[in-house]
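J.: Quick check, what structure comes out for this input:
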Amino acid sequence: MEYECISPGHTCYVLMPMPVTLVVTLRPDGGYNIMTASWIMPVSRNPPLVAVAVAPRRFTYECLRRHPEFTICVLPPEMQDIAWYCGTTSGKVENKVAKLEAEGKIRLVRLSRVETPGIDGALALIGCKLWRDYEGGDHRIIVGEVVECLARRGSFRDGWTKGTKILYYYGGSRFLCIEIP
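T.: Next comes the predicted model:
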């Protein structure tokens with residue numbers, strides 16, 4: 001077997017595809033912000049912890065520092081355009097939630113244990129309280145304790161059910177859909 005060198009900085013692409021999520025935070029003005037994230041993973045079952053990588057220059061990080069909770073929304077393929085918009089538009093420049101709601105493209109769903117809502121139509125909504133914030137190179141590793149987890153009815157039973165379609169990010173402007181066999 002022959003191998004070729006790949007830049008260590010491209011390791012993130014070697015590990016793709018990864019599920020596409022939206023991370024909802026509370027804005028300093030009282031509204032909500034959405035960031036698209038694929039650099040996300042579970043880190044513990046007890047306590048239930050998940051981690052998401054957030055660049056400290058991003059508006060989402062500013063929101064998390066002011067209000068230490070967030071909701072992760074796991075996306076189906078039909079939400080790809082929303083994911084692209086939320087990943088390419090800064091919350092500092094535009095209130096993405098207000099715009100998407102006004103256009104009828106999203107509807108917020110209240111969770112019972114966090115103030116940050118989820119996005120209706122997502123496959124799962126994971127409400128988190130900030131547990132730790134670690135330095136991670138050019139990103140911060142935000143670890144949240146899961147305090148609430150909701151899944152779309154019929155799509156999850158100890159794992160995604162047959163036929164569930166999940167949106168994955170493949171790098172650049174490329175997405176793919178994986179249907180659970």
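J.: And the helix or strand harbouring residue 63, what does it pack against?
T.: For residue 63, the host element (DSSP states H and E) is helix 59-66. Secondary-structure packing of helix 59-66 (3 or more CB pairs under 8 Å, 6 or more residues apart in numbering; DSSP states H and E): strand 21-26, strand 32-37, strand 48-54, strand 139-151. (Each C-beta comes from the backbone N, C-alpha and C, glycine too.)
J.: Tell me which of those sits most buried.
T.: Mean neighbours per residue, mean count of other CB atoms under 10 Å, is largest over these for strand 21-26, with a mean of 26.
J.: Can you list the strands that that one pairs with?
T.: Strand 21-26 has its sheet partners listed here by DSSP bridges as strand 32-37 (antiparallel), strand 69-74 (antiparallel).
J.: Quick one, grab the pLDDT at residue 30.
T.: Here the pLDDT value assigned to residue 30 is 91.
J.: Please report phi then psi for it.
T.: With angles defined as degrees, to the nearest 10, residue 30 sits at phi 100, psi -10.
J.: Just give me the neighbour total for it.
T.: For residue 30, the count of nearby residues is 7 (other CB atoms under 10 Å).
J.: Likewise for residue 1?
T.: Residues near residue 1, counting by other CB under 10 Å: 2.
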